[in-house]
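Undergrad: this is a predicted model, with the sequence first.
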Amino acid sequence: MVSEYTQSDQFRGGRIHLCDLAGLEIRDCEVNGLKIVDCYGSDVYLGGDFERLVVNDVDVTAYVEAELDRRHPARAVARNAVSPEDYRAAWDAIEALWRTTLDQARLLPEAELHEQVDGEWSFVQTQRHLLFAGDAWLGNAVLEEESPYHPLGLPAGGTPPDAAAKLGLTLEATPTLDEVLAPRLARMAVMRRVVDGLTAAELDRVCGRKPADLYPDREYVVRRCLKVVLKEEAEHHRYAVRDLAVLEAGV
């Protein structure tokens, strides 16, 4: 049986020495200052948001970011958006990407769209998460809608079930792709209307709400909230096409 540790700080500042860690998986964890020294093996995979990454004394951060931007140009467009025109251009690119990718996904059997490749979210779960991201950062924070959260939304991994329940989310739901896409595409249409009418003054407006109760108390500005939506869309599109390729290959 695989040992699993959740929401624990028992490893903080620890030292693992001369141990067999083959197959170890670390997911959704704070790894600031993590060091892996004098270890050996093959097929080591790292995935996440690393501000600085050094491999064998070589800082590879800039290389990795540049290569990801080369493969997925929408990342840079979303990340670098500053003016209202930039935000519109970024959303244009994201809409185009998802139109193509949704057409691609529909060619697969529905059951495969619920498969988790290497333990990652399935294609349907990815759509549920992006629905939640739009509901939280756009519907709640920016637009202050009365009921912004759709029950099929899926928050970040590790969100306590009681916190999700307070938002009216049904984590255990198993909707079809079409059932998720109905609210998901509706939320994307709201984003379209917002960016089409965006002004410089609106970008700098301080929101009256935070995205959800589970987020820290701080000042949330419209430009940051919309930037989160853009970046979530771009990054999760990258994950989605990566896993669709595996499903299409039948690996």
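TA: Arrived safely.
Undergrad: quick one, strands of this protein?
TA: Here the chain has its strands, by DSSP state E, at 54-55, 58-59.
Undergrad: what sits up against the first one?
TA: The contact list for strand 54-55 (CB atoms under 8 Å, 6 or more residues apart in numbering) reads 60-61. Every residue, glycine included, has its C-beta placed from N, CA and C.
Undergrad: partners of that strand in the sheet?
TA: The pairing partners recorded for strand 54-55 under DSSP bridges are strand 58-59 (antiparallel).
Undergrad: kindly reformat the strands of the chain as JSON lines containing mean neighbour count, distance to residue 21 and mean pLDDT.
TA: Formatted as JSON lines, the strands of the chain follow (neighbours: other CB atoms under 10 Å; distance: least, CB to CB, whole Å; pLDDT from 0 to 100):
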{"stretch": "strand 54-55", "mean neighbour count": "12", "distance to residue 21": "17", "mean pLDDT": "83"}
{"stretch": "strand 58-59", "mean neighbour count": "10", "distance to residue 21": "23", "mean pLDDT": "81"}
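Undergrad: got JSON lines for those, with distance to residue 131 too?
TA: JSON lines is the format used below for those (distance: least, CB to CB, whole Å):
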{"stretch": "strand 54-55", "distance to residue 131": "36"}
{"stretch": "strand 58-59", "distance to residue 131": "37"}
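Undergrad: between the ones you listed, which one is closest to residue 178.
TA: Closest approach to residue 178 among the strands of the chain is made by strand 54-55 (42.9 Å; CB to CB).
Undergrad: which one of the strands of the chain lies closest to residue 109?
TA: That would be strand 54-55 among these, by CB to CB, at 39.0 Å.
Undergrad: to residue 182, which of the strands of the chain lies closest?
TA: Proximity of the strands of the chain to residue 182 was assessed by CB to CB; the nearest stretch is strand 54-55, lying at 43.9 Å.
Undergrad: and that closest one, how far out from the chain's middle?
TA: Here strand 54-55 shows a centroid-to-chain-centroid distance of 24 Å under the convention CA atoms, centre = their mean, to the nearest Å.
Undergrad: repeat that for stretch 175-188.
TA: For stretch 175-188, the distance from its own C-alpha centre to the chain's C-alpha centre is 17 Å (CA atoms, centre = their mean).
Undergrad: cool, stretch 182-191 as well?
TA: A distance of 17 Å separates the centroid of the chain from that of stretch 182-191, by CA atoms, centre = their mean.
Undergrad: and the helices in the stretch 51-200 of the chain?
TA: Here the stretch 51-200 of the chain has its helices, by DSSP state H, counting those that start in this stretch, at 61-71, 73-79, 84-105, 123-134, 161-166, 177-196, 200-203.
Undergrad: what's the average pLDDT for the third one?
TA: Spelled out, that is helix 84-105. For helix 84-105, mean pLDDT is 98.
Undergrad: that one: which residues count as buried?
TA: Neighbour counts over helix 84-105 (16 or more other CB atoms under 10 Å) mark 84, 86-88, 90-91, 93-94, 97-98, 102, 105 as buried.
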